[in-house]
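> Fold the following and give me the result.
(chains A, B, C and D)
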2 protein chains.
Amino acid sequence: MSTRIVVADDQDDVRIGFRLILDSQPDMTVVGEAADGRRAVELARHLRPDVLLADIRMPALDGLEVTRLLAAETRVIVVTTFDLDEYVHAALRNGACGFLLKRSGPALLVEAVRAAMAGDTLISPQVTVRLLRHLRAAAPAPPAEPLTERELEIARLVAHGRTNADIAAELTISPGTVKTHVAHIQRKVGAANRVGIAAWAWSSGAVGGPGA
Amino acid sequence: MSTRIVVADDQDDVRIGFRLILDSQPDMTVVGEAADGRRAVELARHLRPDVLLADIRMPALDGLEVTRLLAAETRVIVVTTFDLDEYVHAALRNGACGFLLKRSGPALLVEAVRAAMAGDTLISPQVTVRLLRHLRAAAPAPPAEPLTERELEIARLVAHGRTNADIAAELTISPGTVKTHVAHIQRKVGAANRVGIAAWAWSSGAVGGPGA
DNA sequence: GGCCGCCTCCGCCATACGGGAGAGGACCCT
DNA sequence: AGGGTCCTCTCCCGTATGGCGGAGGCGGCC
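Model (predicted):
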């Protein structure tokens, strides 16, 4: 069974190029093309392809909107020429299963389709490097002094907005003890108040991020 | 000029496989192999390859440590069988230029090397999907009521640990006004206190995250 | 003109928080 | 046995915060 693909892009030559690349794969078939966003949605709903490749800049409906509308029913890979941060985030937030730059080359295009089929997400390396800037930026700001296990535990609770009394109850210790821990954490991470602890925890990945 | 590569992995067959794949590329040459981390560092410092492929689980020194030691001088792509979150973050934090699962296949291996050479970062699609979990999870939690511009501005400042007086000074308004805004924000996002606002802001992408 | 949302400001009061200092017990390592 | 780290708890005090209600000015919309 071949992977059925729809290509949506307002430029004829791009669609032709994609079709050429994908059809040359033994297990992939381009079953439809759309030149604007509205048509892309119609086509996807009608043909029910396994994967939709959607350009961002399209008439009628842009690729990000198309992604939002179709994410629940079709795997959408967003393709674009411009690696603007807003695009990447909007695309992934809207449920895209991949983000490709047109200049990434045929091999990655094919791999992105395979990844999407497997339920994974391939992002162009040029884009990934920008996505990770935040993560890298967070790295050089680890606490000068590392937190102990208990402190980390409390820091996480603080970061979720729990009060000292709250935390004390949860850990079955005295509120005073929580205050002591919080004070230590503040000193260690250089926070002026508990919100500073929250900011540190969220930005350094101690919570919320994959680290949680 | 061919891309010079060193492969570090304690399993013979893995090294052989990588060498086979990479040497079959016209523009890539494996110039050395190491079976443990210490040897990998020595080899990299001696041969000065363009790219080092490093397994995580190795004797003497694991791939994450190797990455940390060499990141400044060599492009390191971390390769592993296990897509544990801690691995990914540690690797990228330590300066890796790529993160590959061994089961990702030859095409991605080659692409990862090319990406590293171009200063980009390729991450296995299987891993990316986990990296993005929090980003996706953040989307379905928008505030029931949307914040006004002013409120969003203040929410961001709150999320960074600023006090009301602080914020008032920055925006040249009265501290009382800030309190009013904060109270409104709390009600809208359903936070019991200002740290709850911070948690909302960080997790929903209003600040810090890619959304900022 | 009237309605409404937004931003701005005011006061009062109870509570949570942050700073500082001190201290005992459990555990580990030397 | 002694030193170290970590967790636990206590007291005091000043400030920041959160909850309450009220109010005026401004701009857009009907």
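
> How is chain A partitioned into domains?
Following automatic domain parsing, one gets these domains for chain A: A:3-135, A:149-204.

> Dump these to TSV, plus distance to DNA strand C and mean neighbour count.
(C-beta placed from N, C-alpha, C; glycine too.) Formatted as TSV, these follow (distance: least, CB to the nearest atom of the strand, whole Å; neighbours: other CB atoms under 10 Å in any protein chain shown):
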stretch	distance to DNA strand C	mean neighbour count
domain A:3-135	22	20
domain A:149-204	3	19
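
> can you give me the helices for chain A?
With DSSP state H, the ranges of helices along chain A come out as A:12-23, A:37-47, A:63-70, A:85-93, A:106-117, A:125-138, A:149-159, A:164-171, A:175-189, A:194-204.

> looking at those helices, which has the lowest confidence?
Lowest mean pLDDT within the helices of chain A: helix A:125-138, a mean of 74.

> Report the central residue of chain A.
Nearest to the mean C-alpha position of chain A, by CA atoms, centre = their mean, lies residue A:92 at 4.5 Å.

> if I look at it, how far off is DNA strand D?
Distance, residue A:92 to DNA strand D, using CB to the nearest atom of the strand, to the nearest Å: 32 Å.

> re earlier: out of the domains of chain A, which gets nearest to residue B:122?
Nearest to residue B:122 among those is domain A:3-135 (4.2 Å), distances taken as CB to CB.

> can you tell if the closest one touches chain B?
Yes: using CB under 8 Å from any CB of the partner chain, domain A:3-135 reaches chain B at A:85, A:88-89, A:92-95, A:98, A:107-108, A:110-112, A:115, A:118-126, A:128-129, A:131-132, A:134-135.

> can you give me how far that domain is from the chain middle?
14 Å (CA atoms, centre = their mean, to the nearest Å).

> and chain A, which of its residues are near DNA strand D?
Proximity of chain A to DNA strand D, by CB under 7 Å from any atom of the strand, involves residues A:148-151, A:171, A:173-174, A:176-177, A:179-181, A:193.

> phi, psi of residue A:61?
phi -150, psi 130 (degrees, to the nearest 10).

> Can you give the contact residues for stretch A:167-183?
The contact list for stretch A:167-183 (CB atoms under 8 Å, 6 or more residues apart in numbering or on different chains) reads A:150, A:151, A:153, A:154, A:157, A:158, A:162, A:164, A:165, A:194, A:197.

> With just CA atoms, put it into CSV.
In CSV, the C-alpha atoms belonging to stretch A:167-183 read as follows (Å, rounded to 0.1, in the frame of the first residue of the first chain):
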residue,chain,number,x,y,z
ILE,A,167,3.4,22.7,49.8
ALA,A,168,3.8,22.0,53.5
ALA,A,169,0.5,20.0,53.4
GLU,A,170,1.5,18.1,50.3
LEU,A,171,4.9,17.1,51.7
THR,A,172,3.6,16.8,55.2
ILE,A,173,6.3,19.0,56.7
SER,A,174,5.9,22.3,58.6
PRO,A,175,5.3,25.5,56.6
GLY,A,176,8.3,27.0,58.3
THR,A,177,10.5,24.3,56.7
VAL,A,178,9.1,25.1,53.3
LYS,A,179,10.0,28.7,53.9
THR,A,180,13.5,27.7,54.7
HIS,A,181,13.8,25.6,51.6
VAL,A,182,12.3,28.4,49.5
ALA,A,183,14.8,30.9,50.9
